[in-house]
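*Asks:* What shape does this take:
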Amino acid sequence: MSEELSRLTARQHLRRARLRRLLRRLPRRDNAHRYPVIRWFGEAARARPYLWSFKRAQIVPALYAGWVISLLPIYGAQILVGFLAALVLRANVTVTVALQFVTNPLTIVPVYAFTGWIGTQIMTLQGIGADWPIAMFYANALMVGGVVVGLVAAFLSDLCWRLIAWEAARLAKAVAHAKQLRDAA
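*Replies:* Sure thing, here's the model as predicted:
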């Protein structure tokens, strides 16, 4: 039984180590002063523990707000808007800000081309904007496409988060059960 407990505990520690390595460079309560936008709101950020919580109530709104904001054509203001959305929605700021890096100088053209194409298709199918000036039509198509693709990506991320959380809970339950059996023996 001790062998199984050791295996499960090692697996649990490995998962935590991977997560810590992944989140190392992202804003946390103790390193928020390093990030220019968050530094301005440093005291407000440190005073709100929900901004740093990885509970479902804070992660789900962070996923949805983060994905939608990251795909909107507001490049350059995304981190500020993401941080403010995290404050308003009581969401995890780390996840919200991390998702803003989906659009970066290398990915901005293909991402905006795809969201613009999706927005154009939706607006054309709905018959919206046929008589608008072309620049206004495409600007709105970028917004519509960003929201739609952002919501789809957020939904898929939410499903992945739930699957990972379920598997982590199952592993924690197995570790607790193995400890209980070890203590009983």
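*Asks:* Least confident secondary structure element in the protein?
*Replies:* Lowest mean confidence among the helices and strands of the chain (mean pLDDT, DSSP states H and E): helix 36-40, at a mean of 65.
*Asks:* Remind me what the helix or strand where residue 162 lies packs against, helices and strands.
*Replies:* Assigned by DSSP states H and E, residue 162 belongs to helix 134-184. Where contact means 3 or more Cβ pairs under 8 Å, 6 or more residues apart in numbering; DSSP states H and E, helix 134-184 is packed against helix 2-23, helix 56-71, helix 108-126. Placement of C-beta: from N, CA and C, glycine included.
*Asks:* Now those helices in CSV, please, with extra columns for mean neighbour count.
*Replies:* Compiled in CSV, the helices and strands packed on helix 134-184 are given as follows (neighbours: other Cβ atoms under 10 Å):
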stretch, mean neighbour count
helix 2-23, 12
helix 56-71, 23
helix 108-126, 16
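*Asks:* out of those, nearest to residue 151?
*Replies:* Between residue 151 and those, the shortest gap by Cβ to Cβ is with helix 56-71, which sits at 6.4 Å.
*Asks:* just checking, next helix/strand downstream of the closest one?
*Replies:* Following helix 56-71 in sequence, per DSSP H and E, is helix 78-89.
*Asks:* Residue 60 and residue 150: what is the separation?
*Replies:* Residue 60 sits 14 Å away from residue 150, going by Cβ to Cβ, to the nearest Å.
*Asks:* now the chain, which segments are flagged as low pLDDT?
*Replies:* Residues of the chain meeting the criterion pLDDT under 70: 1, 23, 25-43, 45.
*Asks:* Can you classify residue 94 as helix, strand or coil?
*Replies:* Here residue 94 is recorded as helix under DSSP: H, G, I helix; E, B strand; the rest coil.
*Asks:* try residue 99
*Replies:* Following three-state DSSP, the label given to residue 99 is helix.
*Asks:* which ones are touching it?
*Replies:* Contacts for residue 99 (Cβ atoms under 8 Å, 6 or more residues apart in numbering) come out as 62-63, 66-67, 69-70, 82.
*Asks:* Format the helices and strands packed on helix 134-184 as a markdown table; extra columns: distance to residue 101.
*Replies:* As requested, those are exported to a markdown table (distance: least, Cβ to Cβ, whole Å):
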| stretch | distance to residue 101 |
| --- | --- |
| helix 2-23 | 13 |
| helix 56-71 | 8 |
| helix 108-126 | 11 |
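*Asks:* Mind checking those helices for the one nearest to residue 180?
*Replies:* Among those, helix 2-23 sits nearest to residue 180 (Cβ to Cβ), with 9.9 Å.
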